[in-house]
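> Sequence and predicted structure are below.
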Amino acid sequence: MIKKLFVLIAFLPIVAFATSGIGIESAPIDVSDQASLQRGARTFINNCLNCHSANYMRYNRLVDIGLTEKEIKENLLFAGEKVGDTMQVAMNPNDAKKWFGVAPPDLSVEVRARGVDWIYAYLRGFYKDASTPSGWNNIVFRNVAMPHVLYQLQGEQVLNEETQTLELVKPGRLNQVEYDAFVADLTNYMAYMAEPAKEQRKKLGVAVLLFLAVLLVLAKKLKAAYWKDIK
């Protein structure tokens, strides 16, 4: 029984993606690409931070992706925030719930909850739907309350009910390749934001393993030297 439960849990994400009507592609992200992270941070602060907070992320962590505090102050702080502040949103949660039906989630940990592939597909999966309050829907997250805030860049898509695929009916300012790259940068930044110290932990882990390997060699040599005259 327990074994069957583990198997079911393991396949839950696959079932969820399959019923969403779209194949979840692997997100082309690289959290070591600082240029991509910087572009994604700019997009996140200019677009996402209007409604969504990121309460577990501080602006000064952007120094780790190659920005200086001066660049952060001049280009990314618009409402009197300080470099050491967390990324909070001015929107009142009660107002947001009244307008959208649900308060927008904090995006600090959204990638950890959903996964980078899901986020990447979600940001490309909006389509026009007159039956929803916002006029938008999402093929990955059906009946989503969030409108498509990036539609001017992507354009307008509609859902082909027969094939369950999206078709672009009104182009945006970016073509598909450009928009996918734009979304990849944003997803990349969100992945970094979910675990800002991940790369540092990896480097530290490698250093610790190397230290333990050297210590093991020395311990073996010490043991051999200590026991060589004892039979």
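Received it, and whenever you're ready, just let me know what you need.
> Please name the residues that touch the closest residue to M91 other than its chain neighbours.
Nearest residue to M91, sequence neighbours excluded (Cβ to Cβ, 6 or more residues apart in numbering): C51, at 5.8 Å. Where C-beta positions appear, they are placed from N, C-alpha and C, glycine not excepted. C51 makes contacts with 89, 91, 96, 104, 146, 149, as judged by Cβ atoms under 8 Å, 6 or more residues apart in numbering.
> Could you export these to TSV, including columns for pLDDT?
Below are those laid out as TSV (pLDDT from 0 to 100):
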residue	pLDDT
V89	82
M91	77
A96	71
P104	86
M146	91
V149	94
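> What ranges does this protein have for its helices?
According to DSSP state H, the chain carries its helices in the segments 2-19, 34-47, 69-76, 93-100, 110-114, 116-124, 151-154, 176-194, 198-227.
> Now the second one: buried residues?
Read it as helix 34-47. 36-45 (16 or more other Cβ atoms under 10 Å).
> how about that helix as CSV, C-alpha atoms only?
What follows is helix 34-47, C-alpha atoms only, in CSV (Å, rounded to 0.1, in the frame of the first residue of the first chain):
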residue,chain,number,x,y,z
GLN,A,34,24.6,36.8,-15.0
ALA,A,35,23.5,38.7,-18.1
SER,A,36,20.3,36.6,-18.3
LEU,A,37,19.7,37.0,-14.5
GLN,A,38,20.1,40.8,-14.8
ARG,A,39,17.6,41.0,-17.7
GLY,A,40,15.2,38.8,-15.8
ALA,A,41,15.5,40.9,-12.6
ARG,A,42,14.7,44.0,-14.6
THR,A,43,11.6,42.3,-16.1
PHE,A,44,10.5,41.0,-12.7
ILE,A,45,10.8,44.4,-10.9
ASN,A,46,9.1,46.3,-13.8
ASN,A,47,6.3,43.9,-14.4
